[in-house]
Each structure stands twice: as structure tokens, then as C-alpha cells.
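Participant: just to be clear, the model below is a prediction. Sequence and coordinates:
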Amino acid sequence: GGTRAVLVAVQAHIISHLLFTRETECTHLERLCRVGRREQGQALATALAETLWAAGGGGRAVVCLVTAPVTMRPHEGCRANSFTERIQLFEFSEKAAAQEFISDHINCFRGEGSHGVILFLYSLLFSRTLER
């Protein structure tokens, strides 16, 4: 339940990338033991971008980030929650551009108190589109 399903899917992509995709001369087990913080961020960015790209049907990816607090009145019948109102969408038509953007903003997804899982879930929904 909860966020575990999303986290497990991302972790599977990260492990796959670290073991089989990245270029290194180490054996498979050594690859995992020698992963630094920077490389962890790159693996996370790659996993997020690949998942969003797949959700977008191989033609697009949407990344959601939280912007600075804004003061706005909610629409009638809606209640403000001070999170959803601050989400900004960034759409990409190239996987490499999406991955680079995510890499540049990786702390938005992994920093403490960053709401990374919910941002990724929103990104998945917008990449896939509500119609699909």
C-alpha cells in the first residue's frame, strides 16, 4: 500500500541501470558497492526519465515540480491545499532532455521533505495523460 509500489518500480529501474547499463569495468557486484552520491543521483534521474518516457508512449514526458508559494483563491467548489496550486509542469519531447532536466532538479525528488514520490506520481499521470 501507499508509496511502496511506486518506490519498488523506481528501485528496479535504478538497480537495472547500475548493474547493466552504466559503463564501468567492475563486476556486477562491485558495481553496486562502488556507487557514489553523484552516481546515485544520475541513476535516479535515469530511472525517473525512462519511466516517464514509457508512460508517455515513447513520445513525451511531463515533469512536475513544486514552485514557490503563491497566493491565489481556489475555484468555487475546490479547497486549497497549498501543494497542488504550486505544481508547475515541464513537458519534453526528447527523452534525453527530460533526463537532463530531472538530473538538474534531482533534489526536488530525493531531498528530505521534497514530496518526491507525489511529484513523480503526478508526473506519471500527466505523461500518460488522463485520457489514456
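Facilitator: It's in.
Participant: does anything pack onto the helix or strand harbouring residue 63? Which helices or strands?
Facilitator: Here residue 63 sits within strand 61-66, counting by DSSP states H and E. Strand 61-66 sits against helix 37-55, strand 87-92, helix 95-104, helix 116-128, with contacts defined as 3 or more Cβ pairs under 8 Å, 6 or more residues apart in numbering; DSSP states H and E. Every residue, glycine included, has its C-beta placed from N, CA and C.
Participant: now it: average pLDDT?
Facilitator: Averaging pLDDT along strand 61-66 yields 95.
Participant: can you list contacts of that strand?
Facilitator: Contacts with strand 61-66, where a contact means Cβ atoms under 8 Å, 6 or more residues apart in numbering, come from 49, 52-53, 55-56, 83, 86-92, 95, 98, 101-102, 105, 108, 115, 119, 122-123, 126-127.
Participant: can I get that strand in CSV, CA atoms only?
Facilitator: The C-alpha trace of strand 61-66 is given here as CSV (Å, rounded to 0.1, in the frame of the first residue of the first chain):
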residue,chain,number,x,y,z
ALA,A,61,7.4,13.1,-20.7
VAL,A,62,6.0,15.6,-18.3
VAL,A,63,7.9,16.5,-15.1
CYS,A,64,6.1,18.2,-12.2
LEU,A,65,8.0,20.4,-9.8
VAL,A,66,6.8,22.5,-6.9
